[in-house]
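Q: structure here, sequence nowhere to be found:
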């Protein structure tokens, strides 16, 4: 007596075809998606710099001047010894690192205004293009 079994499932050929199709899709879509990661990190850095600018403006209203380069952005969280009117903290959380895990550079007085805030981008060095470009408070991302 023969028992016929109902065989269900995929053949090896069918599985290979599906894997090839998925590989082709990943090869086409992947590079486009990874290209957006760099832009999103630049936008995040610009947003953090904007938050620093707001906090610095509030600091100046209370103290009459911006923190010095020596005091740095830390003055937005911790009272400097020589500031009597300090009414902070001016930031709700600790000073974040930039999206590439580097510290922001703060200078006051700045070369481009009352203060300069700089993220040196993915390479962590001045200058560069693309993801390595500096993110600064005195110009927008699209320049």
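A: All right, it came through fine. Keep in mind it's a predicted model, so treat the numbers as computed, not measured.
Q: quick one: the helices in this protein?
A: Taking DSSP state H to define them, one finds helices in the chain at 12-63.
Q: pLDDT below threshold where in it?
A: For the chain, residues meeting the criterion pLDDT under 70 lie at 1-7, 33-37, 141-143.
Q: which residues sit in contact with the residue most central in space within it?
A: Central residue of the chain (Cα atoms, centre = their mean): residue 99, 3.2 Å from the mean position. Counting by Cβ atoms under 8 Å, 6 or more residues apart in numbering, residue 99 touches 41-42, 44-45, 119. Any C-beta I mention is one placed from the backbone N, CA and C, and that applies to glycine too.
Q: so can I have JSON lines of those showing distance to residue 130 and neighbour count?
A: Rendered in JSON lines, the data for these read as follows (distance: Cβ to Cβ, whole Å; neighbours: other Cβ atoms under 10 Å):
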{"residue": "41", "distance to residue 130": "11", "neighbour count": "18"}
{"residue": "42", "distance to residue 130": "9", "neighbour count": "21"}
{"residue": "44", "distance to residue 130": "16", "neighbour count": "15"}
{"residue": "45", "distance to residue 130": "14", "neighbour count": "25"}
{"residue": "119", "distance to residue 130": "14", "neighbour count": "26"}
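Q: okay, the residues you listed in JSON lines with distance to residue 20 next?
A: Formatted as JSON lines, the contacts of residue 99 follow (distance: Cβ to Cβ, whole Å):
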{"residue": "41", "distance to residue 20": "33"}
{"residue": "42", "distance to residue 20": "35"}
{"residue": "44", "distance to residue 20": "36"}
{"residue": "45", "distance to residue 20": "39"}
{"residue": "119", "distance to residue 20": "42"}
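Q: relative to residue 107, which of these is nearest.
A: residue 119 (13.2 Å; Cβ to Cβ).
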